[in-house]
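Enquirer: quick one, structure for this:
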Amino acid sequence: MLRSAFVVIGLVAAAGVLGPAVSAEELPPPGRWIPRDAVVSLEITRPKEVLDLLLDSSLTEAVTNHPAYKQAIVQPGFQQFLGVIRYLEVQLDTDWKAGLKDLTGGGVAAAITTKGVVLVMIDAKDAKLLAKLWDIISGFAKNDAANRVTSTEYRGVTCWEFGDGRSHAIVGNRFISANKPEGLKAVLDLRAGSEGDSLLALPAYRAGKQAVGGQAAASAFVNLAVLKQHPAVQGAIHKNTNPMAALLFGGLIDAVRQSNWLALALKTDGQALTLETTMDGKQTGKSELAAFARAEKPGEGILPNLEVPRRIAAMSFYRDLHGFYAAKDKLFPERTSGLIFFENMMGIFFSGRDLTDEVLSQFRPEIRFVVAEQKYDAEIGVPQIQVPAFALVLKVFHPKEAGELMEEAFQKAIGLVSFTSGQKGVPGLIVDRPTHADVRYTVAYSGRIRGEAKGPVSMRYNFRPSLAKVGDYVAISSTDGLVCDLIDALKKEVATSPKPKSEVNSLVEVDGTQLSSVLAANRNALVRQNMTEKGTSKREAETTIDVLLGVVKLVGSVTLSLGEQADKVQARLTVKPNP
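Expert: So this is what the prediction gives:
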């Protein structure tokens, strides 16, 4: 029973929702009682918004109606937990939702210090209810022979220990818990002493709070200046061994190197959640690790994501490929084997042309990706595993020259695939040049194997590599269906000339509904994979996959952007659930 009671308290702390009550002592902001050496701190200042989203939304309804949830609540452990909840409802004379809101209406703060101290502070909206709950918890502890309950007085406050090394205290309507006794004493020392030794007095913390603003339901602060002194963190941000990671996240890594603090803000808008991350370091064009990811000239920046039917995801980046690869010797002084292999392969496809000055110099920094669910030809059949179509769209400086360059490389790649397929006894790719919307494109498709059985066809029928040129764009797609949709989208874009976004260098959008459709189409394959890799039974695998499908189906859309606002690096993640 004691363990279950602590679970309840743990849930309250994790929810971060204890609120201020009228008490003899007017409590300061939590940052005033958190030691200055805190590396990470978390504050939930608008718990009602968080609780409303978790307890009274369509998201909650969808979770509780899911078969996996209904199966979980009949398990003995969960029933025991519900028994504890019902007991507390009777003792506290409230239902659990109202009690949780009363106990957590003023906010929660948590912090980790350089000394390994973990602090939690919870401000209750109803101080009497908090005191009553604490009497129940301490009563459980005293009646449990396995626990040694002790209490001591420190600076006029009673501090409790239950034999697990943790210390707890209540000051007014604020519950304080620390994983070490000295951690609680440090809090009480700050309460009795000056503000100078508190987190609130740290300039970086104040700057982070200002960046978060007053509209956040929750916020977090990370002292990067201290965190970066850790050897593991230093190695992570100063070693560039993965060219692809450097290309995608180079600007972000450079910002971390230059920043002293990082602040996160969680905002709610209806049922939509937005997480904003801000750092004080500025991306500068002087750094090779950031120059290729930042638009320096007016009117340059990422282009809007392309809209195509059945779109699962779309990505838009501003990346100067020529500038990135020209700086490879500085970025990667110890050349990786993968990079050397890449250069050798590109030499074959581009007939020995210099990859930096003759190939990558053709491409503008505006780069886009598109992923879409396929619509299969009934005459060919549906593959056993349905792979979404994907495409890369590049903008070029010289359309004719770049188009011929890409066409040559594409034809060589198709020839290489056909050659290796022939060695395996599999039909190669047949090249065709059809026309769509007055644009002639190249497509390579797989021939049928003689005597191939009817029904679900081989996975290779997911792919019909295609290449198209529209204006100053080159689109390389895994299927001709997607390349035709891109031709339509690019022709519209050429006609409208959309305005670039210079303040953003990366934009990713995901459609959860379309993604769940693809996963549902592959449910049987996912179940088999789970059984093979995890060694589970079919029923267990089906339950796991159905939970995954249910979670994905709840998500309407996800948007992630990275850029610079007001001379500070900012990332923004927005999740909108399905209505």
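Enquirer: average pLDDT across whichever strand or helix holds residue 99?
Expert: Element membership for residue 99 (DSSP states H and E) is helix 96-103. For helix 96-103, mean pLDDT rounds to 83.
Enquirer: what about the stretch 301-450 of the chain, any weak spots by pLDDT?
Expert: 334-338, 447-450 (pLDDT under 70).
Enquirer: which residues in it form strands?
Expert: 311-318, 363-372, 389-396, 429-432, 435-436, 439-440, 442-446 (DSSP state E, counting those that start in this stretch).
Enquirer: using a markdown table, lay out those together with distance to residue 271 and mean neighbour count.
Expert: For the C-beta atoms, the positions are set from N, CA and C on the backbone; glycine is no exception. Below are those laid out as a markdown table (distance: least, CB to CB, whole Å; neighbours: other CB atoms under 10 Å):
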| stretch | distance to residue 271 | mean neighbour count |
| --- | --- | --- |
| strand 311-318 | 21 | 22 |
| strand 363-372 | 25 | 22 |
| strand 389-396 | 30 | 20 |
| strand 429-432 | 47 | 16 |
| strand 435-436 | 40 | 14 |
| strand 439-440 | 42 | 14 |
| strand 442-446 | 43 | 21 |
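Enquirer: nearest to residue 536, of the ones you listed?
Expert: strand 311-318 (27.2 Å; CB to CB).
Enquirer: what residues does the closest one touch?
Expert: 248, 293-295, 300-307, 365-373, 388, 504-511, 514-515, 518 (CB atoms under 8 Å, 6 or more residues apart in numbering).
Enquirer: which of the residues you listed fall within helices?
Expert: 248, 514-515, 518 (DSSP state H).
Enquirer: before we move on, back to that, restricted to buried residues, select the contacts of strand 311-318 in PyMOL.
Expert: Here is the PyMOL command that selects the buried residues among these (16 or more other CB atoms under 10 Å):
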select buried, resi 248+293+294+295+301+302+303+304+305+306+365+366+367+368+369+370+371+372+373+388+504+505+506+507+508+509+510+511+514+515+518
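Enquirer: buried ones in the helix or strand harbouring residue 208?
Expert: Per DSSP H and E: residue 208 is located in helix 203-212. Neighbour-count burial for helix 203-212 flags 204-205, 207-209, 211-212 (criterion: 16+ other CB under 10 Å).
Enquirer: name every strand pairing with whatever helix or strand comes next after it and say which way it goes.
Expert: Per DSSP H and E, the first helix or strand lying C-terminal to helix 203-212 is strand 218-222. Partners of strand 218-222 in the sheet, by DSSP bridges, are strand 38-44 (antiparallel), strand 262-269 (antiparallel).
Enquirer: ok, which of the ones you listed comes nearest residue 162?
Expert: That would be strand 38-44 among those, by CB to CB, at 24.0 Å.
Enquirer: list of residues touching the closest one?
Expert: Here strand 38-44 makes contact (CB under 8 Å, 6+ apart) with 15-17, 30-31, 34, 50, 107-114, 119, 199, 205, 217-223, 226-227.
Enquirer: okay, stretch 359-374 in PDB with CA atoms only?
Expert: Taking Å, rounded to 0.1, in the frame of the first residue of the first chain, the C-alpha atoms of stretch 359-374 are listed here in PDB:
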ATOM      1  CA  VAL A 359      28.700  18.900 -60.000                       C
ATOM      2  CA  LEU A 360      27.600  20.400 -56.700                       C
ATOM      3  CA  SER A 361      28.200  23.900 -58.000                       C
ATOM      4  CA  GLN A 362      25.200  23.400 -60.300                       C
ATOM      5  CA  PHE A 363      22.700  23.200 -57.300                       C
ATOM      6  CA  ARG A 364      21.100  26.100 -55.500                       C
ATOM      7  CA  PRO A 365      20.700  25.800 -51.700                       C
ATOM      8  CA  GLU A 366      17.000  25.300 -51.900                       C
ATOM      9  CA  ILE A 367      16.500  21.500 -51.400                       C
ATOM     10  CA  ARG A 368      13.200  19.700 -50.800                       C
ATOM     11  CA  PHE A 369      12.000  16.200 -50.100                       C
ATOM     12  CA  VAL A 370       8.600  14.700 -50.400                       C
ATOM     13  CA  VAL A 371       7.200  11.400 -49.200                       C
ATOM     14  CA  ALA A 372       3.700  10.200 -50.300                       C
ATOM     15  CA  GLU A 373       1.600   7.100 -50.100                       C
ATOM     16  CA  GLN A 374       1.500   5.200 -53.400                       C
END
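Enquirer: can you redo the buried residues of helix 203-212 as a markdown table with distance to residue 175?
Expert: Formatted as a markdown table, those follow (distance: CB to CB, whole Å):
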| residue | distance to residue 175 |
| --- | --- |
| 204 | 27 |
| 205 | 23 |
| 207 | 29 |
| 208 | 25 |
| 209 | 23 |
| 211 | 29 |
| 212 | 24 |
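Enquirer: using JSON lines, lay out these together with pLDDT and distance to residue 477.
Expert: JSON lines is the format used below for these (pLDDT from 0 to 100; distance: CB to CB, whole Å):
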{"residue": "204", "pLDDT": "95", "distance to residue 477": "47"}
{"residue": "205", "pLDDT": "95", "distance to residue 477": "49"}
{"residue": "207", "pLDDT": "93", "distance to residue 477": "46"}
{"residue": "208", "pLDDT": "93", "distance to residue 477": "43"}
{"residue": "209", "pLDDT": "93", "distance to residue 477": "47"}
{"residue": "211", "pLDDT": "90", "distance to residue 477": "41"}
{"residue": "212", "pLDDT": "91", "distance to residue 477": "42"}
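Enquirer: ok, back up a step: packing partners for the helix holding residue 208?
Expert: With contacts taken as 3 or more CB pairs under 8 Å, 6 or more residues apart in numbering; DSSP states H and E, helix 203-212 sits against strand 218-222, strand 262-269, strand 272-279.
Enquirer: which of those strands is buried the deepest?
Expert: strand 218-222 (a mean of 23; mean count of other CB atoms under 10 Å).
Enquirer: so that one versus helix 203-212, what angle?
Expert: Put simply, strand 218-222 runs at 150 degrees to helix 203-212, going by axes from the mean of the first three to the mean of the last three CA atoms, to 10 degrees.
Enquirer: which helices and strands does the very next helix or strand once past strand 218-222 pack with?
Expert: Next helix or strand after strand 218-222 toward the C-terminus (DSSP H and E): helix 224-227. For helix 224-227, there is no helix or strand it packs on, judged by 3+ CB pairs under 8 Å, 6+ apart.
Enquirer: just after helix 224-227, pick out the following helix or strand.
Expert: helix 231-238.
Enquirer: roughly how far is that following helix from the heart of the chain?
Expert: Taking CA atoms, centre = their mean, to the nearest Å, one finds the center of helix 231-238 at 21 Å from the center of the full chain.
Enquirer: pLDDT on that helix, on average?
Expert: Averaging pLDDT along helix 231-238 gives 78.
Enquirer: over to stretch 266-280?
Expert: 89.
Enquirer: need the longest helix for this protein.
Expert: The longest helix of the chain (DSSP H) is helix 399-423.
Enquirer: which residues touch that one?
Expert: With contacts defined as CB under 8 Å, 6+ apart, helix 399-423 is touched by 348-351, 353, 359, 362-363, 396, 427-429, 431, 442, 444, 465, 467, 469, 471-472, 474, 476.
Enquirer: quick check on those residues: which are buried?
Expert: Judged by 16+ other CB under 10 Å, buried ones among the contacts of helix 399-423: 349-350, 353, 359, 362-363, 396, 427-429, 442, 444, 465, 467, 469, 472, 474, 476.
Enquirer: out of the residues you listed, list just those in helices.
Expert: Using DSSP H, the members of those that fall within helices are residue 349.
Enquirer: just give the nearest non-adjacent residue to residue 29, would you?
Expert: residue 200 (6.5 Å; CB to CB, 6 or more residues apart in numbering).
Enquirer: give me the number of residues near that neighbour?
Expert: 19 (other CB atoms under 10 Å).
Enquirer: tell me how far the spatially closest residue to residue 521 that is not a sequence neighbour lies from residue 457.
Expert: If the residues on either side of it in the chain are set aside, residue 521 comes closest to residue 386, at 4.9 Å by CB to CB, 6+ apart. According to CB to CB, to the nearest Å, residue 386 and residue 457 sit 11 Å apart.
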